[in-house]
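Student: Model the structure of this input:
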Amino acid sequence: MAQSMNYCRRKQWGLAETGTEIRGPESLKPFVRNLRDAFPDMHIDLEDMVAEGDKVAIRFRVTGTHRGSGLGFLPTQRSIDITGMTIIQIANGKLLHGWNNWDQLGMLQQLGMAPGLVHMDQFLEKRA
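Tutor: Residues are numbered from 1 along each chain as shown. As a prediction, this is how the structure comes out:
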């Protein structure tokens, strides 16, 4: 994103395994560096944004081509198109907390690194 955010040394959740906390900009840098390495053409579209009080909710879409090894495995040359949401809390112009939810499993499936055991459309099928 073109716009930068000042960070307090507070917490981010949802960027790694469940329960993993990221504190401050230094802890966030490897996450961003690895994604940019894995997807050098990564594009993030902010599709919706809602603000209330000291919180902002953002719905986003990420697209890109897996051309680097930043995810810990060799590039697949496959494209991804995933979505996610984040809520950030701001205090005194700085990011205080962030809660993130993005389609990590969908990304790995699109890259051929996770089996597609269930087709999600089957949840929409009528059953007796």
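Student: can you tell me which residues contact the residue most central in space within the chain?
Tutor: Note on the chain: the residue nearest the mean C-alpha position is Trp102, at 4.6 Å, using CA atoms, centre = their mean. Contacts for Trp102 (CB atoms under 8 Å, 6 or more residues apart in numbering) come out as 14, 62, 82-85. In this view, the C-beta of every residue, glycine as well, is placed from N, C-alpha and C.
Student: hang on, Ser27 in a helix?
Tutor: Yes: with DSSP: H, G, I helix; E, B strand; the rest coil as the criterion, Ser27 is located in a helix.
Student: Mind checking which of the contacts of Trp102 are in strands?
Tutor: Judged by DSSP state E, the subset of the contacts of Trp102 located in strands is 62, 82-85.
Student: tally of neighbours for Glu47?
Tutor: Residues within reach of Glu47, counting by other CB atoms under 10 Å, total 11.
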